[in-house]
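Trainee: Here is the input, now give the coordinates:
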Amino acid sequence: GLVRWPNLLIMLLSLALVRAGLLLPGQLGALLAPRFGLLVLSALLVAAAGYIINDYYDVKIDAINRPDRLVVGRVVRRRTAMLAHLVLSGAGVALAAFLSPLLGGVTLGAALLLWGYSARFKRVALVGNVSIGALTAALVLLPELQLRTGNPVVWRYALAAFLLTVVREIAKDVEDMRGDAQHDCHTLPLVLGVVRTKWVAGFFLACLGILTGGAVAWLAVHGPWPLAAWLGALVLLPLGALARLLVLADRRHHFRQLSTWCKGIMLAGVLSMALAGGVG
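Mentor: Model prediction:
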């Protein structure tokens, strides 16, 4: 529970599909390459460390917002959690640096950003949301940074991941307003109010809709057709439903539903990579 293993599995799936679906289509053996295995291990170690340090700094807030999920301070001692964070982060950065200076630098930046997010950025309006969006995009880009194929499609997927993650993080901020307000946080809903925050989320959602709609239209003309159908039915249409939910949302559980929808759309987007091989 402390390292959010279901989320780590989604990250593993994302990295595998970027490599074998987008960059090296049809080459399933590429997933067994030792250097790719080290890259995956590095990313998962840093991500796990990020979840630990986030819980470390959020003990008091989570006691209000998510008391049933409180681990640090109740199941795991705070000192133990901090040690685990340092060991996992250090190991992840060291592995990435062994692979290449570029990957080492990106991974070190991600580890520092996760620390900064947990300690400060998540309490600042929009800064925390954009930070997590950037980290999600960086995860998608890691296999490309290792192989350097020059494939532009992976960058579009990274941009889509960034936009959808920001929408989800904003929805989570509205959901967590009660606990955040009691601990000197300045998240978007506390600074702008819920109505204006919905407009900000709507802007990122509209950008994602334009990006996805443009991709579906292009694929409908040039192919591949299965990818166009997948993105249209399982990403673009749900984005429309998500926009409607956002407009109508005015209760805490509504924003929890928004967050869940975002996770489902993200999974559909990740799985679409299996159909995207050869798209330029």
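
Trainee: low-scoring stretches of the protein, by residue?
Mentor: Segments of the chain classed as low confidence (criterion: pLDDT under 70) are 1, 59-75, 280.

Trainee: which phi and psi does residue 187 have?
Mentor: When read as degrees, to the nearest 10, the backbone of residue 187 gives phi -70, psi 170.

Trainee: Pretty sure residue 49 sits against residue 113.
Mentor: No. Checked against C-beta atoms under 8 Å, the pair residue 49 and residue 113 is beyond contact range at 11.9 Å. In this view, the C-beta of every residue, glycine as well, is placed from N, C-alpha and C.

Trainee: Between these two, point out the one with more neighbours.
Mentor: Set residue 49 next to residue 113 and count neighbours by other C-beta atoms under 10 Å: residue 49 wins out with 25 against 17.

Trainee: which SSE is that one in?
Mentor: Assigned by DSSP states H and E, residue 49 belongs to helix 34-57.

Trainee: what's the answer for residue 98, then?
Mentor: helix 78-99.

Trainee: relative to helix 34-57, how tilted is that helix?
Mentor: 150 degrees (axes from the mean of the first three to the mean of the last three C-alpha atoms, to 10 degrees).

Trainee: Tell me the helices and strands packed up against helix 78-99.
Mentor: Based on contacts counted as 3 or more C-beta pairs under 8 Å, 6 or more residues apart in numbering; DSSP states H and E, the elements that helix 78-99 packs against are helix 34-57, helix 101-119.

Trainee: got the residue ranges for the helices in the stretch 101-250 of the chain?
Mentor: Along the stretch 101-250 of the chain, counting by DSSP state H, counting those that start in this stretch, helices occupy 101-119, 127-147, 153-175, 177-181, 188-192, 194-222, 225-231, 237-248.
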